[in-house]
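Novice: Here you go, sequence then predicted model.
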Amino acid sequence: MTLAAFCLAYAGFSALCLAMDRHYEDLFDRALPRRHRVPLRVFGWTALALSLWASAAVWGWSYGTVEWIGILSIAGMLLIWFLTFRPRAALTAGGLCALAAPVLAVL
């Protein structure tokens, strides 16, 4: 479940990153359509909330919150690194994490 929480956090950060004009333009070489902004933000915040829930489900709310903050830190730093050196890989990894999180949650 910890891996699912990490994948959800990374996917959420990736979606929130894509909801920003600058990062969307860097990846797709065009302006962010207005109709994409809100769904990306909703998915991003929902994924982060589900990541917190997954951490709390395993460790309880007191320790799970601390673990979640660590997971957020690692996922954020990894996304920053990917965006700096491999922006397309950041998008691919975010999509793969979004697909892998439900599978990892079941395991």
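Specialist: That came through fine.
Novice: Could you double-check that L40 lies in contact with G12?
Specialist: No: using CB atoms under 8 Å, L40 makes no contact with G12, being 10.2 Å away. Any C-beta I mention is one placed from the backbone N, CA and C, and that applies to glycine too.
Novice: can you count the residues close to A57?
Specialist: By the measure other CB atoms under 10 Å, the count of residues near A57 is 14.
Novice: The one helix or strand it maps to - what's its average pLDDT?
Specialist: Assigned by DSSP states H and E, A57 belongs to helix 34-85. Taken as a whole, helix 34-85 has an average pLDDT of 94.
Novice: Now stretch 86-104 - C-alpha only, CSV.
Specialist: Extracted as CSV, the C-alpha positions of stretch 86-104 are listed here (Å, rounded to 0.1, in the frame of the first residue of the first chain):
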residue,chain,number,x,y,z
ARG,A,86,13.6,14.3,-19.0
PRO,A,87,10.3,16.2,-19.2
ARG,A,88,8.7,13.6,-21.4
ALA,A,89,9.7,10.8,-19.0
ALA,A,90,8.0,12.8,-16.2
LEU,A,91,4.7,12.7,-18.1
THR,A,92,5.1,9.0,-19.0
ALA,A,93,6.0,8.1,-15.4
GLY,A,94,3.0,10.0,-14.1
GLY,A,95,0.7,8.1,-16.4
LEU,A,96,2.2,4.8,-15.5
CYS,A,97,1.9,5.6,-11.8
ALA,A,98,-1.7,6.5,-12.2
LEU,A,99,-2.3,3.1,-13.8
ALA,A,100,-0.2,1.1,-11.4
ALA,A,101,-1.6,2.6,-8.2
PRO,A,102,-4.9,0.6,-8.2
VAL,A,103,-3.0,-2.6,-8.9
LEU,A,104,-0.5,-1.9,-6.2
